[in-house]
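Engineer: Got a sequence here, can you model it:
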Amino acid sequence: MVSDTILQSEVLTKFVYPFLLVFFIVFAVLEKTKILGEGRKQLNALISFVIGLIFVSAVFPKIVVGNLILFLTIALVIMFVVLLLWGFVAGGKEGFEPSKGVKTFLMIVIGIAVIIAVLWALGVGEGFFGFLFSSSWSKLFWTNFLFIVVIAVALAFVLLGKK
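Structural biologist: Residues are numbered from 1 along each chain as shown. Next up, the predicted model:
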């Protein structure tokens, strides 16, 4: 198997990265909980080192942790996108401050948009998205749909603004 970079070599991905991950997590937990006493960095490091070596020698736990780390990475990126979009909607200290109902509506729209974006990024529903956006009728439908939504939102602002 040919690696693209040195960081993708088999030695690093199968042994060094999992060892370092487990070593640092176990060391941090031992330091924070002070199970072995206070000021015992060398002992905590030695125990973390041994646990890391035992972890690297087993195959199945490395696969489980690798899958969990991939899931965590994807979940963190999704949460970052959601929080970034939410910050644009609700984070204004100065200027436009939307009402609670508008914030709720926009959060629902953001949630739906993120779910659709994640499904699209995963390649799930290719046939469904193709049916919705690549059919002969879809351009006319979505143009009219967005036009109706804009009119409904404008009417809602006008009618709710009079109260």
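Engineer: how about the strands in the chain?
Structural biologist: Counting by DSSP state E, the chain has no strands at all.
Engineer: tell me which residues in the lowest-mean-pLDDT helix or strand in it are buried?
Structural biologist: None of the helices or strands of the chain scores lower by mean pLDDT, DSSP states H and E than helix 126-133, at a mean of 75. The neighbour-count check on helix 126-133 (16 or more other Cβ atoms under 10 Å) flags nothing as buried. (C-beta placed from N, C-alpha, C; glycine too.)
Engineer: And the helices in the protein?
Structural biologist: Under the criterion DSSP state H, helices of the chain are mapped to 10-11, 17-33, 41-57, 60-90, 100-122, 126-133, 138-161.
Engineer: Same list, those, but as CSV with distance to residue 4 please.
Structural biologist: Output for the helices of the chain, formatted as CSV (distance: least, Cβ to Cβ, whole Å):
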stretch, distance to residue 4
helix 10-11, 12
helix 17-33, 16
helix 41-57, 23
helix 60-90, 18
helix 100-122, 22
helix 126-133, 27
helix 138-161, 39
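Engineer: Least confident of the ones you listed, on average?
Structural biologist: In terms of average pLDDT, helix 126-133 trails the rest of the helices of the chain, at a mean of 75.
Engineer: now that helix: how far from the chain's centre is it?
Structural biologist: Chain-centre distance of helix 126-133: 24 Å, with Cα atoms, centre = their mean, to the nearest Å.
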